[in-house]
Structures are given as C-alpha cells and as structure tokens.
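>>> Give me a 3D structure for the following:
(one chain, ligands or ions: 1)
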Amino acid sequence: MHYTEKGIKIDDQLRTTARHIYAAGDVVGGYQFSHFAGWQAFQAVRNALFPGSSSGLTDLVPRITFTDPEVAQVGPTEEQARSEFGQEIRVCRWDLSRVDRAVCDNDRNGFIKVIAKTNGTILAVTIVAERAGETINEVAVAMKHGLKINDVAGTIHAYPTYSTGLQLLLTEMSLEQFVSGTSGK
Ligand SMILES: Cc1cc2nc3c(=O)[nH]c(=O)nc-3n(C[C@H](O)[C@H](O)[C@H](O)COP(=O)(O)OP(=O)(O)OC[C@H]3O[C@@H](n4cnc5c(N)ncnc54)[C@H](O)[C@@H]3O)c2cc1C
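This is a model prediction of the structure:
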C-alpha cells in the first residue's frame, strides 16, 4: 500500500493501491474532521460492498470553530471566491443585531455572511454566533443539492430562529439580484 507524508494514497473511490483495501478519515490526509471521516467511511463501505461507486472526495465540508461565539463556515473564503470567480460574486453580510432570535438571546456579537454567484448559486457562508454550528448544516444541504439563494429564501422557516436570519438575508440578496437583472449589474 503506497503512502506519502500526508497519508495513505487513495483514488476517488477511496481505494488504496492494494485494490481490496479502502481507507477513510484522517489517515488519508484530507480534512481532519470527525464528520468528514464518518462520511468517507460510509462511502468506503458503500464502494467496497455494493454495486457501482460514489466519490469519497469533496470540498463541501462544513467546519466549526468552537469558540465563544462559534465560527461556522462552509465553502471557500471570500478571497478564494474572488480569485476564482472575480466580478461574478456577490457578498452580503448581516450583523446579528438584525436577527430577531439573536437579539432575544442577547447574542449580538457576530454576523452572517453569504457569498453567491450572480446567478444565485451559493458559494460560501460564514456564521459567527453562539450556536452558529446549528445553522450551517442547512447551508451545506442547500449547496450539496444545488439550491440557489431564492430556493432557500422562498422556503418558510420557523420563527424566531437563526435560520430565519439566514433566510431573510438570502431574500435581500434575491431581491437585489431580481432588480439588477440576471447579469448582476
Ligand atoms: C484535540 C482534538 C479535538 C478535535 N475536535 C474536533 C471537533 O470538534 N470536531 C471534529 O469534527 N473533529 C475534531 N477533531 C478531529 C477528529 O478527532 C478526527 O478528524 C477524527 O477522529 C478522525 O477520525 P478517524 O476515524 O479517521 O481517526 P481516529 O478517530 O483517530 O481513529 C483511528 C483509530 O485507529 C486506532 N489505531 C491507530 N493505529 C492503529 C494500529 N496500528 N492498529 C489498530 N488501531 C490503530 C487509533 O487508536 C484510533 O482509535 C479533533 C481532534 C483532536 C486531536
């Protein structure tokens, strides 16, 4: 079985160079998270035991830093998004003071920031809030399934939640996109 300083070498289906052995998690040297290891392990078992195959590699991995407040992110940084997509991106940031639930909880020290392409594709979200990690998974589901900002904005969210803040921010972005035309200019 071949390996480098980063870890065990695998292909897209998580097969090692010993073709009957699969590897997943920290040992393959990718994202070092429990949830990523668990997802890769599921994909490895699926690929080893069932017909067909699924990729065991992805960059769509939510990450949370458990500080106070928490910092939850999915997708690239603004700098990375700008370098890849240039003028094709829009960034919208709301302070938590605009989120009713955060105001109720006296959790005003933070923000929600969304980076989207001008066609509405969600590229990245950062949430800084006491329970930011609880809201970021909704964004990961939306991104995995290719939902656009108006898809999430148009979905009724229970009030008052932090998710409602995200929904309203996306509604603002959606309206801006609508009034500025599909070119985003
Ligand atoms: C301090 C700390 C905090 C973390 N906090 C978070 C967090 O908040 N959220 C998050 O998502 N991730 C966190 N992580 C990362 C997370 O723990 C790992 O990404 C995750 O455990 C990887 O799972 P794994 O199954 O690949 O490896 P591991 O969980 O490391 O499991 C590998 C297992 O293999 C065993 N093993 C090793 N060598 C051998 C051998 N030769 N024979 C048999 N068994 C062997 C080990 O004893 C271990 O039980 C944290 C890591 C650390 C160190």
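>>> residue nearest the centroid of this protein?
Centroid-nearest residue in the chain: Val74, 2.8 Å away (criterion: C-alpha atoms, centre = their mean).
>>> Show me what that residue is bridged to.
Val125 (DSSP bridges).
>>> these two touch, right, it and Thr58?
No - Val74 lies out of contact with Thr58 (C-beta atoms under 8 Å); the separation is 11.2 Å. Using the backbone N, CA and C atoms, a C-beta is placed for each residue, glycine as well.
>>> list the contacts for Pro40?
Let me fix one detail, which is that residue 40 is Gln and not Pro. Leu14, Ala24, Gly25, Val28, Gly30, Gly56 (C-beta atoms under 8 Å, 6 or more residues apart in numbering).
>>> Tell me the most packed of those, by neighbour count.
Leu14 (26 neighbours; other C-beta atoms under 10 Å).
>>> And that one, how close does it get to the ligand?
Note on Leu14: its distance to the ligand, by C-beta to the nearest ligand atom, to the nearest Å, is 12 Å.
>>> Give me the phi and psi angles of that residue.
Phi and psi for Leu14, reported as degrees, to the nearest 10, are phi 70, psi 20.
>>> That one is in contact with Arg46, isn't it?
No - Leu14 is beyond contact range of Arg46, at 9.5 Å (criterion: C-beta under 8 Å).
>>> Next, count neighbours for Ser54.
13.
>>> Which helix or strand contains it?
Assigned by DSSP states H and E, Ser54 falls within no helix or strand.
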